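# Give me a 3D structure for the following:
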Amino acid sequence: MAAPRLVPSDSMLQKYVERGLTHQQIADLITKETGVPIARSTVSAALSRAGLTDRVRYDEVIPWKPIKAIHNRHYALAMLRLEARRQGGLTLTEEQAKRLESWKAKLEEENALVVYLPDTEDGFYYVKRKPSEKDSLIRYL
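Below you'll find the predicted structure:
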């Protein structure tokens, strides 16, 4: 016997998206309704399968491929993803927008940008900007 479906139908997911709920808010709502914990990634996968997501390409802001799993949670990478979402016309939460602007202001203040060195422990580093990199957030090595 197949396990019961915990993720709502595609039409219900579409209603949640139309209401402006985030993937995490949808997961929380499903968890509350079913009593079974549902991860945000489960909701994201269901929305993607249903064709209800806006695919954001991070290539312009995050050109390094691949990013190693051990570096995937670095703060600089999180901020670059937010910048890619902003550039892609997607809405950020108020908190995300504040964090992104604060991070970018700090880079500007320190005349720094981000580099990725995959074969190092930390992966992402802040380095001094060259004059030719005046408006850049990254240096692609």
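# What segments of this protein are helices?
Listed in chain order, the helices of the chain (DSSP state H) span 10-18, 23-34, 40-49, 75-87, 94-109.
# Which neighbouring elements make contact with the third one?
This means helix 40-49. helix 10-18, helix 23-34 (3 or more CB pairs under 8 Å, 6 or more residues apart in numbering; DSSP states H and E). In this view, the C-beta of every residue, glycine as well, is placed from N, C-alpha and C.
# before we move on, the earlier item: please work out which of the helices of the chain is packed deepest.
Of all those, helix 75-87 carries the top mean neighbour count, a mean of 18, counting by mean count of other CB atoms under 10 Å.
# quick one, what contacts the spatially closest residue to L82 that is not a sequence neighbour?
Nearest residue to L82, sequence neighbours excluded (CB to CB, 6 or more residues apart in numbering): L100, at 4.6 Å. Applying CB atoms under 8 Å, 6 or more residues apart in numbering to L100 gives the contacts M79, L82, E83, R86, L92.
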